[in-house]
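>>> Return a 3D structure for these sequence lines:
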Amino acid sequence: MRGGSVAVVGGSIAGSAFAGAAARLGAERVVVLERSPGRLEDRGVGICTHNDRFDELVRAGHLATDTRRHRLTVRRWVTRGPAGEGDGPDGRGRLLWDQPFPFHSHHWAVLWQALRERTPEQVEYRLGTTVTAVGGDEEGAWVEEADGGRHPYDLVIGADGYRSVVRDAVCPQAAPEFAGYVCWRGSYDTALLAELPGGAGAWPEEECITVCYRGGQVVIYRIPGLAPGSTQVNWVFYAPTPAWLRLDGPTSIPAGALTDARLDGLRQLAERHLPPYWAGVVTLTPRERTFLQPVYDLATPHRTAGRLLIGGDAATVVRPHNTSGAVKALQDAHAFEQAGQSGNAVNAGNAGRAAGSWSALLAAYDRERSAAGRELVDLGRKLGRAQVTDAPDWSAMGESAMVAWWQHQVTGSAGFGGHALGRTEPSPSPSPSPRP
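Here you go, the predicted model:
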């Protein structure tokens, strides 16, 4: 890696993490090619990290201990009360189970900004750059941009999401598969909760709420706001596919693009299936903060080809039930960095360019993360069946039944919240060597 050039296609969480890893491994030139013309702070999606996974990533040097996050301790599973019995005095529904939940929540943009701040200064970010094709072989790689220009690199990393251009070159046979249902998503400042009966006080800040209904569920939790000290409401509403949605390949309906009629359909869905308080939490969301994402699965058979490599959602699309998306991307970058460190140790004194060093790095990364990605996808499918498409009769469930039901889903898997990281030694910061 020392003295080499690396292009990272995509500048979000995965792209920033991979760029930092390549720079710390000693690449002389690291260029991040991000198609969005502006900064990415407006991406308001909430994400969660398991406390243990977060601590591992801090010890490994990928996150700072003071990265802003919101503490969660309990996941409260609820459903609508039986007909004639109502949803309780606070309108929050019938309690199924208070599940211990050792997680922190994050605002996507706040976590991304924290990663950007830790990226070495030599990393060059080029915004508004659309990559139309990539290619290469065992000797090198290239990137073609929208203006037709083709640029050579020693390594091209695809961190360009579930519609990845780089994946098309690495695994042209792999494509996201529609799971059969969608998730509506939204977020807004917690000050709006004052409009609900009981206000924000009816919902303790450490609770992650999961509202279950036949055919779907809603997960609701607070996240840090963009301004330090502020908080936002974040929710994910799993639901049957609307009749109006046409899927001609992987797609989504971005924030602000939903019509009045489609937003009214969401309101009716919430009022029909959710206890009144949680229906109000969903329907408070402004149009410009509401969007829709079909749910997809993708597990690539391999992650490298020649001098091309893929990571994050470009390599593995996991259903959000796993609560592991950001962790997965950061662990991909960590595995890449660990593979590079092993190569540097073997080739010490040879400027990191000994024959076979690039192929050894890519092979080591591929071995570790391809298997982990497939396990996460399998768990996401299992959770999706248990919680959405083949869910139990929630009216018959209580705490003991919920505990047994949950254990059946996760037994034999270490993937809920992400796998344990393994090696967590801090990464060295080598001085770049001149290209031989």
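>>> Now do the strands in the stretch 151-300 of the chain.
155-158, 177-189, 207-213, 216-224, 231-240, 290-299 (DSSP state E, counting those that start in this stretch).
>>> closest one to residue 30 among these?
Among the strands of the stretch 151-300 of the chain, the nearest to residue 30 by C-beta to C-beta is strand 155-158 (9.4 Å). For glycine as for every other residue, the C-beta is placed from the backbone atoms N, C-alpha and C.
>>> what packs against the closest one?
Judged by 3 or more C-beta pairs under 8 Å, 6 or more residues apart in numbering; DSSP states H and E, the packing partners of strand 155-158 are strand 5-9, helix 13-24, strand 131-137, strand 140-145, helix 165-170, strand 308-310.
>>> how distant is that strand from the center of its chain?
Averaging C-alpha positions (C-alpha atoms, centre = their mean, to the nearest Å) puts strand 155-158 19 Å from its chain's average.
>>> can you pull the alpha-carbon coordinates of it into CSV?
Taking Å, rounded to 0.1, in the frame of the first residue of the first chain, the C-alpha atoms of strand 155-158 are listed here in CSV:
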residue,chain,number,x,y,z
LEU,A,155,-6.7,0.1,-6.1
VAL,A,156,-10.4,1.1,-6.5
ILE,A,157,-12.7,0.6,-3.5
GLY,A,158,-16.5,0.5,-4.1
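>>> Within its sheet, name the partner strands of that strand and how each one runs.
Here strand 155-158 is paired, per DSSP bridges, with strand 5-9 (parallel), strand 308-310 (parallel).
>>> coming back round to it: wait, which of the helices and strands packed on strand 155-158 is closest to residue 106?
Comparing those under C-beta to C-beta, the one sitting nearest is helix 13-24, at 9.9 Å.
>>> What score does the closest residue in space to residue 122 that isn't next to it in sequence have for pLDDT?
Among residues not flanking residue 122 along the chain, residue 23 sits closest, at 5.7 Å (C-beta to C-beta, 6 or more residues apart in numbering). At residue 23 the predicted local confidence, pLDDT, stands at 94.
>>> surely residue 23 meets residue 31?
No. Counting by C-beta atoms under 8 Å, residue 23 does not reach residue 31; the two are 10.7 Å apart.
>>> Please enumerate the shared neighbours of those two.
residue 123 (C-beta atoms under 8 Å, 6 or more residues apart in numbering).
>>> closest one to residue 294 among the helices and strands packed on strand 155-158?
Closest among the helices and strands packed on strand 155-158, using C-beta to C-beta: helix 165-170, at 18.0 Å.
>>> Flag every buried residue along that closest one.
165, 166, 167, 168, 169, 170 (16 or more other C-beta atoms under 10 Å).
>>> With respect to residue 383, which of these is nearest?
For the buried residues of helix 165-170, the nearest to residue 383 is residue 167 (23.9 Å; C-beta to C-beta).
>>> Please report how far the closest one lies from residue 259.
Plainly put, residue 167 is 32 Å away from residue 259 if you go by C-beta to C-beta, to the nearest Å.
>>> okay, the buried residues of helix 165-170 in JSON lines with pLDDT and distance to residue 44 next?
Putting the buried residues of helix 165-170 into JSON lines (pLDDT from 0 to 100; distance: C-beta to C-beta, whole Å) gives the following:
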{"residue": "165", "pLDDT": "97", "distance to residue 44": "25"}
{"residue": "166", "pLDDT": "98", "distance to residue 44": "26"}
{"residue": "167", "pLDDT": "97", "distance to residue 44": "26"}
{"residue": "168", "pLDDT": "96", "distance to residue 44": "29"}
{"residue": "169", "pLDDT": "97", "distance to residue 44": "32"}
{"residue": "170", "pLDDT": "97", "distance to residue 44": "31"}
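>>> Point out the one among the helices and strands packed on strand 155-158 that comes closest to residue 417.
helix 13-24 (16.3 Å).
>>> And that closest one, what does it pack against?
strand 5-9, strand 29-34, helix 108-118, strand 123-127, strand 155-158, helix 325-346.
>>> Next up, the contacts around residue 296.
162, 176, 177, 178, 179, 250, 317, 319.
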